[in-house]
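> Please find the sequence and the predicted model below.
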Amino acid sequence: MSFNQFQDATTIATMIQSGEMSAEEAVTLALETIDQWNDATNAVVYVRREAALEEARSLADFTKPFAGVPILLKDMGQAMAGLPSTQASRLFKDHIATQTNYFVQSLLDAGFIVVGMTNAPEFGFKNQTDSKLYGDAHLPLDTTRTTGGSSGGSAAALLSGMVPIVAASDGGGSIRIPSSYNGLIGLKPTRARTAQGPGNYRGWAGASISFALTRTMRDTERLLLAIQTEQDASPYHVSKLTPTAIQTAKQKVQDLRIAYTPRHPFNDPVSPSVIESLNHTVQFLKQEGFNVTEVVPTIDYDQVYQSYVLMNAFETAASLEAFGESRKKALTKDEVEPFTWALYQFGLKLPGYRYPQSFHQWDAASEAMGQFHQSYDLLLEPTTTTVAPVIMDIRESTSLKERMTNAEKLSINELHTLIMDMFRIGQINTPFNWLYNLTGQPSISLPLGRGEEDLPLGLQFTAKKACEDQLLAIGYYLEEQGQFYQPKPEEK
């Protein structure tokens, strides 16, 4: 057995509350499934075995919405006191968290029992999970393929049934990309919807946010209502959603004005199976009476993407310089991966005035999307351009690795060329996601497509800020109408 034999985390919570399943039985099932599937997927990098079992045995409060339900955290900014917190980097391979951060505390307050940590790429930079510390995470449906990134370990864990719901985070598509590849539901909430801190309330300058990967819309809604927050210390604010607002959105779902576009933001190819899946959903919505129009938002994608890359470089340089100063020893290239080293060198050489300039681009994009949503409630796009790629097909070339490794020798112009070459795989395969991290809008990938070898594909809906109720409404509608395609690995 695995959790794939059950509908979702809500089912498990209900069974625990009714006494049909004990919390200890749920945690034991999670641990047994991790043992069964982890050699094939490399999804989990740390198992919290005895402590989780003890918490399950001693559980006395069954009033919390997910009381006794096992969950995995992502080893990337989701710190729990006493557990490893490595950021998937050899630089922090021995680091143990001394404090539980507010997001993880919100999961504990909702009743979850943490059973371990999931795999990620170093510092979450990539749309594939391939850190040198932990190795590749593999798609459970075909282990020659990537499970995506940076929440790739989380997606593989959920799809293989290790847990019924899994924590994840998204700084440029890192929830939605693995959601697409694994046939899962991946909501990136509105900026500030879930907890940040303590100490740092601007993950990736506000681009990054934690939430989860789920298998059903009711889990998505229930979790969002359970852990949403309003933090006085945060520089950002969004009012809480209410169950009433969500119910109203469901009732009025067919009033939503939906724009769609198959266009690749950087004019690269989109696979025929993705276009076919998008067209199928568009035609289905039209037949159901929805107002659906093909429209491309007025965004200078190239210029805004440059600002996203600059943010990555500046944030990398700032954090690694701070680490070097704290230990009174400069960072060396053999302590981090070549991708990180090159970003670090670029950030060091960039003039400081470029950082606030990049935020002007974010604001311009946010304004443009605000104007777009005056005419259209939702924007429908692909989530990725293909099904999950074969891992060997997206490896960095030897020449690119050599350039990254020797990045400190390059001029700023040469570094800029190098960095864009490094991000090129992401530009080609996952170009639809990052924009909404900059604008702060909520965006959800739904398992609506089927591609080569019957592998799943996601399609992405994006709403204006604070309108997750509309995303939940369209997700529920498509789920209830049987439009989701969610194969399980034991069925392949």
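That came through, no problem.
> Tell me which stretches of the stretch 51-200 of the chain form strands.
70-74, 113-118, 130-131, 135-136, 138-139, 142-146, 166-170, 185-188 (DSSP state E, counting those that start in this stretch).
> what packs against the second one?
Just to be clear, that refers to strand 113-118. Counting contacts by 3 or more CB pairs under 8 Å, 6 or more residues apart in numbering; DSSP states H and E, strand 113-118 is packed against helix 23-41, strand 44-47, helix 49-57, strand 70-74, helix 102-109, helix 152-159. (Glycine included, C-beta is placed from N, CA and C.)
> Please find the angle between the direction vectors of it and strand 166-170.
Between the axis of strand 113-118 and that of strand 166-170 there is an angle of 50 degrees, by axes from the mean of the first three to the mean of the last three CA atoms, to 10 degrees.
> low pLDDT regions in the stretch 251-400 of the chain?
Per-residue confidence of the stretch 251-400 of the chain (counting by pLDDT under 70) places no residue in a weak region.
> could you pull out the strands for it?
When assigned using DSSP E, counting those that start in this stretch, the strands of the stretch 251-400 of the chain occupy the ranges 257-260, 291-294, 378-382.
> Need the winner for burial among those.
Scoring those by mean neighbour count under mean count of other CB atoms under 10 Å gives strand 378-382 as the most buried, with a mean of 25.
> distance between it and the chain's centre?
The gap between the average C-alpha position of strand 378-382 and the chain average comes to 17 Å, counting by CA atoms, centre = their mean, to the nearest Å.
> Restricting the selection to alpha carbons, write that strand to CSV.
The C-alpha trace of strand 378-382 is given here as CSV (Å, rounded to 0.1, in the frame of the first residue of the first chain):
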residue,chain,number,x,y,z
LEU,A,378,-7.9,34.5,-15.8
LEU,A,379,-5.0,33.9,-18.2
LEU,A,380,-4.6,30.3,-19.4
GLU,A,381,-1.2,29.1,-20.7
PRO,A,382,0.9,26.0,-20.8
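> S273 versus F423, what's the distance?
Between F423 and S273 the distance is 24 Å, computed by CB to CB, to the nearest Å.
> quick one, which of these two is more surrounded?
Neighbours were tallied for F423 and for S273 using other CB atoms under 10 Å; the higher tally belongs to F423 (21 against 17).
> The more buried one touches Q306, doesn't it?
No: the pair F423 and Q306 does not pass the contact test of CB atoms under 8 Å, sitting 10.1 Å apart.
> quick one: contacts for G426?
K126, N127, G172 (CB atoms under 8 Å, 6 or more residues apart in numbering).
> Let's verify it: helix, strand, or coil?
Look at G426: counting by DSSP: H, G, I helix; E, B strand; the rest coil, its state is helix.
> confidence score at it?
Per-residue confidence at G426 stands at 94 (pLDDT).
> Also K492?
Model confidence at K492 (pLDDT) stands at 60.
> Include pLDDT and distance to A56 when you put the contacts of G426 into JSON lines, please.
Compiled in JSON lines, the contacts of G426 are given as follows (pLDDT from 0 to 100; distance: CB to CB, whole Å):
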{"residue": "K126", "pLDDT": "95", "distance to A56": "34"}
{"residue": "N127", "pLDDT": "96", "distance to A56": "35"}
{"residue": "G172", "pLDDT": "98", "distance to A56": "35"}
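> Tell me the one of the residues you listed nearest M15?
Comparing the contacts of G426 against M15 with CB to CB places N127 closest, at 35.5 Å.
> Nearest residue to S375 in space, please, no chain neighbours.
Take S375 and drop its neighbours on the chain: the residue closest to it by CB to CB, 6 or more residues apart in numbering is R257, 6.9 Å away.
> Give me the distance between the one you found and K349.
Distance, R257 to K349, using CB to CB: 46 Å.
> on that earlier part again, which one of the strands of the stretch 51-200 of the chain lies nearest to R218?
Proximity to R218, assessed across the strands of the stretch 51-200 of the chain by CB to CB, is greatest for strand 185-188 (10.3 Å).
> Could you list the paired strands of the closest one along with their orientation?
Strands that pair with strand 185-188, judged by DSSP bridges, come out as strand 209-214 (antiparallel), strand 443-450 (antiparallel).
> quick one, which of the ones you listed is nearest to I394?
Proximity to I394, assessed across the strands paired with strand 185-188 by CB to CB, is greatest for strand 443-450 (19.1 Å).
> what does the average pLDDT come to for the helix or strand just after the closest one?
Along the chain past strand 443-450, the next helix or strand (assigned with DSSP states H and E) turns out to be strand 456-463. When pLDDT is averaged along strand 456-463, the result is 98.
> Count the neighbours of E32 for me.
Considering only other CB under 10 Å, E32 is surrounded by 13 other residues.
> and if you look at the one 3 residues further on?
Under the neighbour criterion other CB under 10 Å, D35 is assigned a count of 13.
> closest to Q105 among the contacts of G426?
In terms of CB to CB, no member of those lies closer to Q105 than G172, at 25.1 Å.
> What is the neighbour count of that closest one?
Neighbours of G172 under the rule other CB under 10 Å: 28.
> ok, now Q251?
By the criterion of other CB under 10 Å, Q251 has 10 neighbours.
> which residues touch it?
Q251 makes no contacts at all, as judged by CB under 8 Å, 6+ apart.
> So which residues make contact with stretch 20-32?
Under the contact criterion CB under 8 Å, 6+ apart, stretch 20-32 has outside partners 1-3, 12, 15-16, 47, 49, 52-53, 55-57, 59, 67-70, 113, 115, 162-163.
> Centre of the chain to it, how far?
26 Å.
> cool, stretch 433-445 as well?
In this view, stretch 433-445 has its centroid 11 Å away from the chain centroid, taken as CA atoms, centre = their mean.
> ok, which stretches of the stretch 301-450 of the chain are helices?
With helices called from DSSP state H, counting those that start in this stretch, the stretch 301-450 of the chain shows them at 301-327, 338-349, 354-375, 398-405, 412-422, 424-429, 435-439.
> Can you say which of those is packed in most?
Among those, judged by mean count of other CB under 10 Å, the one packed with the most neighbours on average is helix 435-439 (a mean of 26).
> What is it packed up against?
helix 301-327, helix 354-375.
> rerun at 10 Å
If you count contacts as 3 or more CB pairs under 10 Å, 6 or more residues apart in numbering; DSSP states H and E, helix 435-439 packs onto helix 301-327, helix 354-375, strand 443-450, strand 456-463.
> From the contact counts, what lies against the next helix or strand after the last one?
Scanning forward in sequence from strand 456-463 by DSSP H and E, the next helix or strand is helix 468-480. Under the contact criterion of 3+ CB pairs under 10 Å, 6+ apart, the helices and strands touching helix 468-480 comprise strand 185-188, helix 217-227, helix 243-251, helix 272-287, strand 378-382, strand 443-450, strand 456-463.
> Just the CA coordinates for the fourth one, please, in PDB.
C-alpha atoms of helix 272-287 as PDB (Å, rounded to 0.1, in the frame of the first residue of the first chain):
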ATOM      1  CA  PRO A 272       2.500  19.700 -30.300                       C
ATOM      2  CA  SER A 273       1.100  17.700 -27.300                       C
ATOM      3  CA  VAL A 274       1.100  20.800 -25.200                       C
ATOM      4  CA  ILE A 275      -0.600  22.900 -27.900                       C
ATOM      5  CA  GLU A 276      -3.100  20.000 -28.300                       C
ATOM      6  CA  SER A 277      -3.800  19.900 -24.600                       C
ATOM      7  CA  LEU A 278      -4.300  23.700 -24.400                       C
ATOM      8  CA  ASN A 279      -6.600  23.600 -27.400                       C
ATOM      9  CA  HIS A 280      -8.600  20.800 -25.900                       C
ATOM     10  CA  THR A 281      -9.200  22.700 -22.700                       C
ATOM     11  CA  VAL A 282     -10.000  25.900 -24.600                       C
ATOM     12  CA  GLN A 283     -12.600  24.000 -26.700                       C
ATOM     13  CA  PHE A 284     -14.000  22.300 -23.600                       C
ATOM     14  CA  LEU A 285     -14.400  25.600 -21.800                       C
ATOM     15  CA  LYS A 286     -16.100  27.200 -24.900                       C
ATOM     16  CA  GLN A 287     -18.500  24.200 -25.100                       C
END
